[in-house]
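# what's the 3D shape of this:
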Amino acid sequence: MNPNPIQLFDTESSTFTYILNVPGTKDAVIVDPVDHNLDRDLAHIARLGLHLQIVLETHAHADHVTSAGKLRELTGAKAAVPSGCGIPPAEMQLNDGDVISFGDGETIQVIHTPGHTAGSMSYLWRGNLFSGDTLLIDGCGRTDFQSGSAEALYDSVTGKLFTLPGATRIWPGHDYKGQSVSTIGWEREHNARLANRSREDFIVLMNNLNLPRPRLIDVAVPANRNLGLPHG
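Numbering: from 1, shown residues only. Purely as a prediction, here's the structure:
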């Protein structure tokens, strides 16, 4: 049986943070941590007796500041980020097809899924897909800033993510409706924005959402390009 990640929720930004660990082992990875939840996340790691090896980001977030830099300083973990997101302080600059190793033979597959941002990545571990803002439960991330592209997002989801086995569990970067996990099979058949929709119709839909600008974007993006640490 594939282990489930530990899923933690930030109520301010509706962001999910994940801790990846095989029960009975010590080494762990954290995905998309949020700055003001630093103490909470460290408490989970300590409570479970884990050793944090990698802090993994799906993209440079616009709605919250990451705690990646602080976690790295406090735990000795390495920061791993998509190479196309402009986050130079991270030790590990990831590209499509890379394989991240941690623990005793654990591997995470890196899948470049541009669309929400040009550098957005999804990560596959033991049948669990961490899709960031690319694929959400019954939806998808917006494509109207940070080099976003509705065309690219459609191609990323339908050409890469929807080709994964139907039983693959989807753990999204956000949820706004109280959901926590889905599957590739369900989203392929039922996703309100993508299922049974042509590429042309999807582009029209995404280009006419008229969403408000993220409130924290001018603070969050520059901070996240420095792993959430102050510049200088």
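# For Leu38, give me the backbone phi and psi.
Dihedral pair for Leu38: phi -50, psi -50, per degrees, to the nearest 10.
# any weak-confidence spans in the chain?
Within the chain, the stretches with pLDDT under 70 are 1, 232.
# swap the cut-off to 90 and go again
Along the chain, segments meeting pLDDT under 90 span 1-3, 84, 231-232.
# for the chain, what spans make up the strands?
Taking DSSP state E as the criterion, the chain carries its strands at 6-10, 15-20, 27-31, 51-56, 78-82, 92-94, 99-102, 106-112, 121-125, 128-132, 135-136, 139-140, 169-172, 182-183.
# any chance of these in a markdown table, plus distance to Asn196?
For every residue, glycine as well, the C-beta is placed using N, CA and C. Below are these laid out as a markdown table (distance: least, Cβ to Cβ, whole Å):
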| stretch | distance to Asn196 |
| --- | --- |
| strand 6-10 | 29 |
| strand 15-20 | 27 |
| strand 27-31 | 30 |
| strand 51-56 | 32 |
| strand 78-82 | 29 |
| strand 92-94 | 32 |
| strand 99-102 | 33 |
| strand 106-112 | 23 |
| strand 121-125 | 22 |
| strand 128-132 | 19 |
| strand 135-136 | 16 |
| strand 139-140 | 14 |
| strand 169-172 | 18 |
| strand 182-183 | 17 |
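# Figure out which of these is closest to Arg225.
Nearest to Arg225, of all the strands of the chain, is strand 78-82, at 9.3 Å by Cβ to Cβ.
# strand partners of that closest one, parallel vs antiparallel please.
Partners of strand 78-82 in the sheet, by DSSP bridges, are strand 51-56 (parallel), strand 92-94 (parallel).
# Quick check: the gap between the closest residue to Thr17 other than its chain neighbours and Gly141.
Leaving out its chain neighbours, the residue that sits closest to Thr17 by Cβ to Cβ, 6 or more residues apart in numbering is Leu8, at 4.5 Å. Between Leu8 and Gly141 the distance is 20 Å, computed by Cβ to Cβ, to the nearest Å.
# Neighbour count for those two, which is higher?
Set Leu8 next to Gly141 and count neighbours by other Cβ atoms under 10 Å: Gly141 wins out with 24 against 18.
# give the contact list for the more buried one.
The contact partners of Gly141, by Cβ atoms under 8 Å, 6 or more residues apart in numbering, come to Gly115, His116, Ser120, Gly132, Asp133, Thr134, Leu135, Leu153, Gly173, His174.
# Helices - which of these land there?
Using DSSP state H, Leu153 are the members of the contacts of Gly141 that sit in helices.
# returning to what we had before: which stretch among the strands of the chain comes nearest Gly159?
Between Gly159 and the strands of the chain, the tightest spacing by Cβ to Cβ is seen for strand 106-112, at 10.7 Å.
# strands paired with the closest one, and their directions?
Looking at strand 106-112 with DSSP bridges, its partner strands are strand 99-102 (antiparallel), strand 121-125 (antiparallel).
# residues in contact with stretch 183-192?
129, 135, 137-140, 161-162, 164-170, 194-195.
# and it, how far from the chain's centre?
18 Å (Cα atoms, centre = their mean, to the nearest Å).
# try stretch 18-33
Here stretch 18-33 is found 14 Å from its chain centre; the criterion is Cα atoms, centre = their mean.
# Quick check, central residue of this protein?
Residue closest to the average C-alpha location in the chain (Cα atoms, centre = their mean): Gly132, at 2.8 Å.
# pretty sure it is touching Gly115, no?
No. If you go by Cβ atoms under 8 Å, Gly132 and Gly115 don't touch, sitting 10.3 Å apart.
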